[in-house]
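**Student:** Got a predicted structure here, sequence first:
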Amino acid sequence: MPRLGHAVILLGPPGAGKGTQAQRIAERYHLPHLSTGDMLRDNIQRDTELGRIAKPLMERGELVPDDIVIRMVEDRIAQPDCRNGFVFDGFPRTLAQADDLERICEKYKFGVTFVLHMVVDKDLLMRRLTGRRICKAGGHIYNVYDRPPKQEGICDLDGSELIHRPDDTERVISERLAAYERQTRPLADYYRARKQLSPVDAMAGADDVTSSIAKILDGVEAPR
Ligand code: ADP
(Lines give C-alpha, C1' and ligand atoms only; values in the text may rest on other atoms or scores of the structure.)
Protein backbone atom coordinates (compact mmCIF):
# COMPACT_ATOMS: atom_id res chain seq x y z
CA MET A 1 0.00 0.00 0.00
CA PRO A 2 1.37 3.44 -0.78
CA ARG A 3 2.44 5.22 2.37
CA LEU A 4 0.31 8.15 3.43
CA GLY A 5 0.41 11.28 1.35
CA HIS A 6 1.43 9.77 -1.95
CA ALA A 7 0.32 10.73 -5.41
CA VAL A 8 -0.54 7.85 -7.73
CA ILE A 9 -0.67 8.76 -11.40
CA LEU A 10 -2.07 6.60 -14.18
CA LEU A 11 -0.31 7.48 -17.40
CA GLY A 12 -1.45 6.05 -20.71
CA PRO A 13 -3.37 6.76 -23.90
CA PRO A 14 -7.14 7.17 -24.03
CA GLY A 15 -8.60 3.66 -23.79
CA ALA A 16 -5.73 2.23 -21.75
CA GLY A 17 -8.16 1.61 -18.90
CA LYS A 18 -7.06 4.45 -16.63
CA GLY A 19 -10.59 5.23 -15.44
CA THR A 20 -11.44 1.62 -14.60
CA GLN A 21 -8.16 1.03 -12.76
CA ALA A 22 -8.23 4.40 -10.99
CA GLN A 23 -11.67 3.58 -9.56
CA ARG A 24 -10.42 0.24 -8.26
CA ILE A 25 -7.14 1.54 -6.80
CA ALA A 26 -8.92 4.46 -5.16
CA GLU A 27 -11.31 2.03 -3.48
CA ARG A 28 -8.58 -0.41 -2.44
CA TYR A 29 -6.36 2.24 -0.82
CA HIS A 30 -9.16 4.57 0.33
CA LEU A 31 -7.86 7.46 -1.73
CA PRO A 32 -9.92 9.92 -3.77
CA HIS A 33 -10.05 9.29 -7.53
CA LEU A 34 -9.33 12.53 -9.35
CA SER A 35 -10.21 12.51 -13.04
CA THR A 36 -9.60 15.81 -14.81
CA GLY A 37 -11.83 14.59 -17.67
CA ASP A 38 -14.72 14.06 -15.20
CA MET A 39 -14.06 17.44 -13.54
CA LEU A 40 -14.16 19.17 -16.92
CA ARG A 41 -17.32 17.33 -17.99
CA ASP A 42 -18.93 18.33 -14.70
CA ASN A 43 -18.08 21.98 -15.46
CA ILE A 44 -19.61 21.62 -18.93
CA GLN A 45 -22.78 20.17 -17.47
CA ARG A 46 -23.06 22.99 -14.94
CA ASP A 47 -22.31 25.48 -17.75
CA THR A 48 -19.56 27.25 -15.80
CA GLU A 49 -17.15 29.68 -17.44
CA LEU A 50 -14.47 26.97 -17.37
CA GLY A 51 -16.91 24.51 -18.94
CA ARG A 52 -17.68 26.93 -21.78
CA ILE A 53 -13.96 27.18 -22.60
CA ALA A 54 -13.39 23.41 -22.35
CA LYS A 55 -16.42 22.22 -24.34
CA PRO A 56 -15.39 22.99 -27.94
CA LEU A 57 -11.82 21.77 -27.29
CA MET A 58 -12.98 18.47 -25.80
CA GLU A 59 -15.45 17.97 -28.66
CA ARG A 60 -12.53 18.18 -31.07
CA GLY A 61 -10.33 15.87 -28.98
CA GLU A 62 -7.85 18.64 -28.15
CA LEU A 63 -6.39 19.34 -24.72
CA VAL A 64 -7.75 22.10 -22.48
CA PRO A 65 -5.14 24.84 -21.74
CA ASP A 66 -2.67 24.00 -18.95
CA ASP A 67 -3.42 27.03 -16.75
CA ILE A 68 -7.12 26.12 -16.52
CA VAL A 69 -6.47 22.48 -15.72
CA ILE A 70 -3.74 23.25 -13.20
CA ARG A 71 -5.93 25.73 -11.30
CA MET A 72 -8.74 23.18 -11.20
CA VAL A 73 -6.39 20.45 -9.91
CA GLU A 74 -4.77 22.63 -7.27
CA ASP A 75 -8.20 23.58 -5.88
CA ARG A 76 -9.10 19.92 -5.69
CA ILE A 77 -5.84 18.80 -4.03
CA ALA A 78 -6.29 21.47 -1.36
CA GLN A 79 -9.48 19.69 -0.16
CA PRO A 80 -9.10 17.75 3.12
CA ASP A 81 -9.95 14.35 1.58
CA CYS A 82 -6.70 14.55 -0.42
CA ARG A 83 -4.37 14.80 2.55
CA ASN A 84 -3.57 11.06 2.51
CA GLY A 85 -2.90 11.09 -1.22
CA PHE A 86 -4.91 10.67 -4.40
CA VAL A 87 -5.15 8.71 -7.61
CA PHE A 88 -4.88 10.80 -10.77
CA ASP A 89 -6.51 9.70 -13.97
CA GLY A 90 -5.88 11.95 -16.96
CA PHE A 91 -3.45 14.32 -15.23
CA PRO A 92 -0.72 15.36 -15.87
CA ARG A 93 -1.06 15.31 -19.64
CA THR A 94 1.69 17.76 -20.63
CA LEU A 95 5.22 18.49 -19.37
CA ALA A 96 4.01 21.85 -18.02
CA GLN A 97 1.32 20.05 -15.99
CA ALA A 98 3.90 17.56 -14.65
CA ASP A 99 6.19 20.39 -13.54
CA ASP A 100 3.29 22.08 -11.84
CA LEU A 101 2.18 18.92 -10.11
CA GLU A 102 5.69 18.60 -8.69
CA ARG A 103 5.42 22.15 -7.36
CA ILE A 104 1.96 21.48 -5.86
CA CYS A 105 3.15 18.22 -4.22
CA GLU A 106 6.05 20.08 -2.61
CA LYS A 107 3.73 22.82 -1.41
CA TYR A 108 1.32 20.35 0.21
CA LYS A 109 4.17 18.06 1.37
CA PHE A 110 3.20 14.95 -0.55
CA GLY A 111 5.76 12.17 -0.68
CA VAL A 112 6.88 10.08 -3.61
CA THR A 113 4.84 10.10 -6.77
CA PHE A 114 4.09 6.67 -8.26
CA VAL A 115 3.50 6.72 -11.99
CA LEU A 116 1.91 3.62 -13.48
CA HIS A 117 2.57 3.59 -17.19
CA MET A 118 -0.24 1.65 -18.87
CA VAL A 119 1.17 0.14 -22.03
CA VAL A 120 -1.33 -0.96 -24.73
CA ASP A 121 -1.32 -1.66 -28.49
CA LYS A 122 -3.00 1.02 -30.57
CA ASP A 123 -5.45 -1.40 -32.29
CA LEU A 124 -7.01 -2.34 -28.99
CA LEU A 125 -7.59 1.29 -28.02
CA MET A 126 -10.10 2.01 -30.81
CA ARG A 127 -12.18 -1.06 -29.88
CA ARG A 128 -12.15 -0.16 -26.22
CA LEU A 129 -13.13 3.46 -26.82
CA THR A 130 -15.84 2.99 -29.46
CA GLY A 131 -17.38 0.24 -27.30
CA ARG A 132 -17.17 2.15 -24.03
CA ARG A 133 -20.38 3.03 -22.17
CA ILE A 134 -20.45 4.91 -18.86
CA CYS A 135 -23.05 4.90 -16.12
CA LYS A 136 -24.65 8.29 -15.64
CA ALA A 137 -24.97 8.12 -11.86
CA GLY A 138 -21.77 6.44 -10.64
CA GLY A 139 -19.35 6.60 -13.59
CA HIS A 140 -19.09 2.78 -13.73
CA ILE A 141 -17.46 1.72 -16.98
CA TYR A 142 -18.64 -1.00 -19.40
CA ASN A 143 -17.71 -2.09 -22.91
CA VAL A 144 -20.32 -3.41 -25.34
CA TYR A 145 -17.73 -5.82 -26.86
CA ASP A 146 -15.69 -6.98 -23.89
CA ARG A 147 -17.57 -6.15 -20.70
CA PRO A 148 -21.27 -5.67 -21.53
CA PRO A 149 -23.82 -4.88 -18.81
CA LYS A 150 -26.33 -7.66 -18.02
CA GLN A 151 -29.12 -5.52 -19.49
CA GLU A 152 -28.31 -3.34 -22.49
CA GLY A 153 -27.98 0.36 -21.64
CA ILE A 154 -28.40 -0.15 -17.86
CA CYS A 155 -25.73 -0.18 -15.15
CA ASP A 156 -25.51 -3.51 -13.29
CA LEU A 157 -24.50 -1.78 -10.08
CA ASP A 158 -26.97 1.07 -9.70
CA GLY A 159 -29.56 0.62 -12.49
CA SER A 160 -28.84 4.02 -14.03
CA GLU A 161 -28.64 4.78 -17.75
CA LEU A 162 -25.39 4.08 -19.64
CA ILE A 163 -24.17 6.85 -21.93
CA HIS A 164 -21.84 6.93 -24.94
CA ARG A 165 -19.42 9.84 -24.51
CA PRO A 166 -19.65 12.28 -27.42
CA ASP A 167 -15.86 12.19 -27.88
CA ASP A 168 -15.86 8.36 -28.14
CA THR A 169 -16.41 8.47 -31.92
CA GLU A 170 -13.73 7.32 -34.37
CA ARG A 171 -12.92 10.78 -35.67
CA VAL A 172 -12.47 12.38 -32.24
CA ILE A 173 -10.67 9.30 -30.88
CA SER A 174 -8.03 9.66 -33.65
CA GLU A 175 -7.52 13.27 -32.56
CA ARG A 176 -7.23 12.28 -28.90
CA LEU A 177 -4.67 9.60 -29.73
CA ALA A 178 -2.68 12.14 -31.77
CA ALA A 179 -2.79 14.61 -28.85
CA TYR A 180 -1.53 11.82 -26.58
CA GLU A 181 1.41 11.01 -28.86
CA ARG A 182 2.34 14.66 -29.25
CA GLN A 183 1.81 16.05 -25.75
CA THR A 184 1.51 13.25 -23.20
CA ARG A 185 3.83 10.43 -24.28
CA PRO A 186 6.97 12.51 -23.44
CA LEU A 187 5.92 12.26 -19.78
CA ALA A 188 7.00 8.60 -19.75
CA ASP A 189 10.62 9.73 -20.30
CA TYR A 190 10.17 12.55 -17.78
CA TYR A 191 9.09 10.16 -15.00
CA ARG A 192 11.49 7.39 -16.08
CA ALA A 193 14.38 9.83 -15.63
CA ARG A 194 13.08 10.55 -12.11
CA LYS A 195 12.83 6.79 -11.37
CA GLN A 196 9.12 7.13 -10.69
CA LEU A 197 7.81 5.12 -13.64
CA SER A 198 6.48 1.57 -13.34
CA PRO A 199 5.35 -0.09 -16.57
CA VAL A 200 2.08 -2.05 -16.43
CA ASP A 201 0.87 -4.46 -19.13
CA ALA A 202 -2.54 -2.90 -19.80
CA MET A 203 -3.39 -5.38 -22.60
CA ALA A 204 -4.33 -7.97 -19.97
CA GLY A 205 -7.85 -8.32 -18.57
CA ALA A 206 -8.99 -5.66 -16.11
CA ASP A 207 -8.58 -7.92 -13.04
CA ASP A 208 -5.03 -8.89 -14.01
CA VAL A 209 -4.14 -5.24 -14.57
CA THR A 210 -5.50 -4.40 -11.11
CA SER A 211 -3.36 -7.17 -9.58
CA SER A 212 -0.18 -5.94 -11.26
CA ILE A 213 -0.85 -2.40 -10.10
CA ALA A 214 -1.58 -3.56 -6.55
CA LYS A 215 1.71 -5.51 -6.53
CA ILE A 216 3.63 -2.38 -7.46
CA LEU A 217 1.81 -0.19 -4.94
CA ASP A 218 2.04 -2.76 -2.16
CA GLY A 219 5.78 -2.34 -2.48
CA VAL A 220 6.50 -5.85 -3.77
CA GLU A 221 8.22 -4.12 -6.64
CA ALA A 222 9.70 -0.72 -5.97
CA PRO A 223 8.94 1.73 -8.78
CA ARG A 224 11.79 2.18 -11.26
P1 ADP B 1 -9.40 9.95 -22.13
O2 ADP B 1 -8.17 9.81 -21.29
O3 ADP B 1 -10.07 8.65 -22.39
O4 ADP B 1 -9.18 10.76 -23.38
P5 ADP B 1 -10.55 11.91 -20.28
O6 ADP B 1 -11.90 11.88 -19.72
O7 ADP B 1 -9.38 11.78 -19.38
O8 ADP B 1 -10.53 10.74 -21.37
O9 ADP B 1 -10.34 13.27 -21.13
C10 ADP B 1 -11.29 13.75 -22.04
C11 ADP B 1 -10.87 15.12 -22.57
O12 ADP B 1 -10.77 16.07 -21.49
C13 ADP B 1 -9.49 15.17 -23.24
O14 ADP B 1 -9.56 14.82 -24.59
C15 ADP B 1 -9.12 16.66 -23.02
O16 ADP B 1 -9.77 17.50 -23.95
C17 ADP B 1 -9.71 16.98 -21.66
N18 ADP B 1 -8.71 16.80 -20.57
C19 ADP B 1 -8.78 15.88 -19.57
N20 ADP B 1 -7.72 15.97 -18.74
C21 ADP B 1 -6.94 16.97 -19.24
C22 ADP B 1 -5.70 17.54 -18.85
N23 ADP B 1 -5.02 17.10 -17.78
N24 ADP B 1 -5.19 18.55 -19.61
C25 ADP B 1 -5.84 19.01 -20.68
N26 ADP B 1 -7.02 18.51 -21.12
C27 ADP B 1 -7.58 17.50 -20.40
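**Tutor:** Happy to help now that I have it.

**Student:** Could I get the buried residue list for stretch 22-37?
**Tutor:** Residues of stretch 22-37 classed as buried: 22-26, 29, 31, 33-37 (neighbour count, 16 or more other CB atoms under 10 Å). Backbone N, C-alpha and C define where each C-beta goes, glycine included.

**Student:** Farthest pair within those?
**Tutor:** Largest separation among the buried residues of stretch 22-37 by CB to CB: Tyr29 and Gly37, giving 20.9 Å.

**Student:** re earlier: kindly reformat the buried residues of stretch 22-37 as a markdown table containing secondary structure, distance to the ligand and pLDDT.
**Tutor:** Putting those into a markdown table (DSSP: H, G, I helix; E, B strand; the rest coil; distance: CB to the nearest ligand atom, whole Å; pLDDT from 0 to 100) gives the following:
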| residue | secondary structure | distance to the ligand | pLDDT |
| --- | --- | --- | --- |
| Ala22 | helix | 10 | 96 |
| Gln23 | helix | 13 | 93 |
| Arg24 | helix | 16 | 94 |
| Ile25 | helix | 16 | 94 |
| Ala26 | helix | 15 | 94 |
| Tyr29 | helix | 20 | 90 |
| Leu31 | coil | 18 | 92 |
| His33 | strand | 12 | 95 |
| Leu34 | strand | 10 | 96 |
| Ser35 | strand | 6 | 96 |
| Thr36 | helix | 3 | 97 |
| Gly37 | helix | 2 | 95 |
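
**Student:** Tell me the one of these nearest Gln97?
**Tutor:** Taking the buried residues of stretch 22-37 together and measuring to Gln97 by CB to CB, the closest member is Thr36, at 8.9 Å.

**Student:** mind checking how far the spatially most central residue of the chain is from the ligand?
**Tutor:** Centroid-nearest residue in the chain, with CA atoms, centre = their mean: Asp89, separated by 2.0 Å. Using CB to the nearest ligand atom, to the nearest Å, we find Asp89 at a distance of 6 Å from the ligand.

**Student:** contacting residues for the closest residue in space to that residue that isn't next to it in sequence?
**Tutor:** Take Asp89 and drop its neighbours on the chain: the residue closest to it by CB to CB, 6 or more residues apart in numbering is Ala22, 3.7 Å away. Contact partners of Ala22, counting by CB atoms under 8 Å, 6 or more residues apart in numbering, are 10, 33, 35, 87-89.

**Student:** okay, those in a markdown table with distance to Lys195 next?
**Tutor:** Formatted as a markdown table, these follow (distance: CB to CB, whole Å):
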| residue | distance to Lys195 |
| --- | --- |
| Leu10 | 18 |
| His33 | 25 |
| Ser35 | 26 |
| Val87 | 20 |
| Phe88 | 18 |
| Asp89 | 22 |
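
**Student:** could the buried residues of stretch 22-37 be laid out in CSV, adding distance to Asp146?
**Tutor:** Shown next, in CSV, are those (distance: CB to CB, whole Å):
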residue, distance to Asp146
Ala22, 18
Gln23, 17
Arg24, 16
Ile25, 20
Ala26, 22
Tyr29, 26
Leu31, 27
His33, 22
Leu34, 26
Ser35, 21
Thr36, 25
Gly37, 21
